[in-house]
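>>> sequence first, then the predicted structure, then my questions.
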Amino acid sequence: TEDLGSGLSALFVLESGFSVDSGSQNGDALFGRQAYLGLSSKTTGTLTLGRQYTPWYNTLSKVADPFAAGYAGSAKNLFPSNTRTSNTVLYTSPNFSGFDADVAYTFGEQAESNKIGRKIGASVGYSNGPLNARLAYNNTANDTATTEAGSGRNWLAAANYDFAVAKAYVAYGVNKGQNSAIRNNGNVNAFDYTSAGFSTDSTTALIGATVPVGPAGTVMASVIHVNDKNSANADANQFSLGYSYALSKRTSTYASYAKISNKNRAGYTVGNNSNAGTGDKAFNVGVRHSF
């Protein structure tokens, strides 16, 4: 970021994901995580353009999930896949007495129709003292060059409250329409059965907590339930537990475990922030450093 004066600044972000054990790149794009630039004003807000997180995902990772969408206990394992979008214009408002909002529009960039690949997202939130609450919406157009197929719609209400001795988390999502509940796993048939198709009518609920232990430790826990309202009734539950220990202000060590119970051929897998996982349980341990 660069200060341009009068409360205005220019900014850009480039993020590249790679596997630390092999050095191989995650995905096909060099900057496949985030790649955007923009202008930010203290009085009028921030406008950014490029590949970036959706308002829906920011609500999930920053407000709803005690694992912050990372570790084995990531809420991404059961919540729909609405993480990043390319060709996106995102406006974020300034903070007004604890309230703020954002809105995003993703261009499909298809010659046949501007609806193909289009996404629309928005969220509004309130943060003051121990309370942080947010409501988000995501709309994914399903149209193709030959077919008008409606859209997938996602609503997400989330909140956390810091009681000092523990921080409580709660979230509830409603998913309607085709492509509203695409799973985050890399293989839709990861188990020894053909997984049920993606739901077009489901809800996802989360309760969780983080508990400080001593001057540097934090225990994380959550329970997530998917209620598939289609005839397949492919429900799933995830139970997660983790521990993080701060070695310094920027470095911590951690361990995390999660277990998914798939019902009626539901095919959810346990992964973490950058790996979709291949099974119904996972354990990870490591060191995390923030630059």
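Perfect, I can see it now. Residues are numbered from 1 along each chain as shown.

>>> would you map the strands across the stretch 1-150 of the chain?
For the stretch 1-150 of the chain, the strands defined by DSSP state E, counting those that start in this stretch cover 2-5, 8-14, 35-41, 45-53, 84-92, 99-106, 119-128, 131-141.

>>> strand 45-53 and the third one, what's the angle between them?
Interaxial angle of strand 35-41 relative to strand 45-53 (axes from the mean of the first three to the mean of the last three C-alpha atoms, to 10 degrees): 170 degrees.

>>> need the contact partners of the helix-or-strand element of the chain with minimal mean pLDDT.
For the chain, counting by mean pLDDT, DSSP states H and E, strand 281-289 ranks last in confidence among helices and strands (a mean of 94). With contact meaning C-beta atoms under 8 Å, 6 or more residues apart in numbering, strand 281-289 is reached by 71-72, 244, 247, 250-260, 270-272. Bear in mind the C-beta positions are built from the backbone N, C-alpha and C, glycine included.

>>> buried ones in that strand?
The neighbour-count check on strand 281-289 (16 or more other C-beta atoms under 10 Å) flags Ala282, Asn284 as buried.

>>> keeping just the C-alphas, turn that strand into PDB.
The C-alpha coordinates for strand 281-289 follow below in PDB (Å, rounded to 0.1, in the frame of the first residue of the first chain):
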ATOM      1  CA  LYS A 281     -10.900 -37.700   9.200                       C
ATOM      2  CA  ALA A 282      -7.600 -35.700   9.300                       C
ATOM      3  CA  PHE A 283      -4.900 -34.600  11.800                       C
ATOM      4  CA  ASN A 284      -2.400 -31.900  11.100                       C
ATOM      5  CA  VAL A 285       0.500 -30.400  13.100                       C
ATOM      6  CA  GLY A 286       2.800 -27.600  12.100                       C
ATOM      7  CA  VAL A 287       4.300 -24.100  12.500                       C
ATOM      8  CA  ARG A 288       2.600 -21.000  11.200                       C
ATOM      9  CA  HIS A 289       4.500 -17.700  10.500                       C
END
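
>>> of the strands of the stretch 1-150 of the chain, which is nearest Ala158?
Closest of these to Ala158 is strand 131-141, at 5.5 Å (criterion: C-beta to C-beta).

>>> could I get the full set of strands for the stretch 151-291 of the chain?
All strands of the stretch 151-291 of the chain, identified by DSSP E, counting those that start in this stretch, fall at 151-162, 167-176, 201-213, 217-228, 236-246, 251-262, 281-289.

>>> in a markdown table, list those strands along with distance to Gly50.
Putting these into a markdown table (distance: least, C-beta to C-beta, whole Å) gives the following:
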| stretch | distance to Gly50 |
| --- | --- |
| strand 151-162 | 22 |
| strand 167-176 | 26 |
| strand 201-213 | 28 |
| strand 217-228 | 31 |
| strand 236-246 | 31 |
| strand 251-262 | 29 |
| strand 281-289 | 25 |
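
>>> Ser127 is nearest to which of the ones you listed?
Of all the strands of the stretch 151-291 of the chain, strand 151-162 sits nearest to Ser127, with 9.7 Å by C-beta to C-beta.

>>> pLDDT wise, what is Ala49 at?
Quick fix: residue 49 reads Leu, not Ala. At Leu49, the predicted lDDT confidence score is 98.

>>> with adjacent residues omitted, what lies nearest to it?
Leaving aside its sequence neighbours, Leu49 sits nearest to Val89 (C-beta to C-beta, 6 or more residues apart in numbering; 5.4 Å).

>>> okay, which residue is most central for the protein?
Nearest to the geometric centre of the chain sits Tyr57, at 3.5 Å (C-alpha atoms, centre = their mean).

>>> now that one: how far from Gln238?
18 Å (C-beta to C-beta, to the nearest Å).

>>> returning to what we had before: check contacts around the residue nearest to Leu49.
Counting by C-beta under 8 Å, 6+ apart, Val89 makes contact with Leu47, Thr48, Leu49, Ala104, Tyr105, Thr106, Phe107.

>>> so what touches stretch 204-216?
For stretch 204-216, contacts defined as C-beta under 8 Å, 6+ apart pick out 64-67, 75, 78-80, 165-173, 175, 218-227, 240, 243, 245-247.

>>> this completes my enquiry, with thanks.
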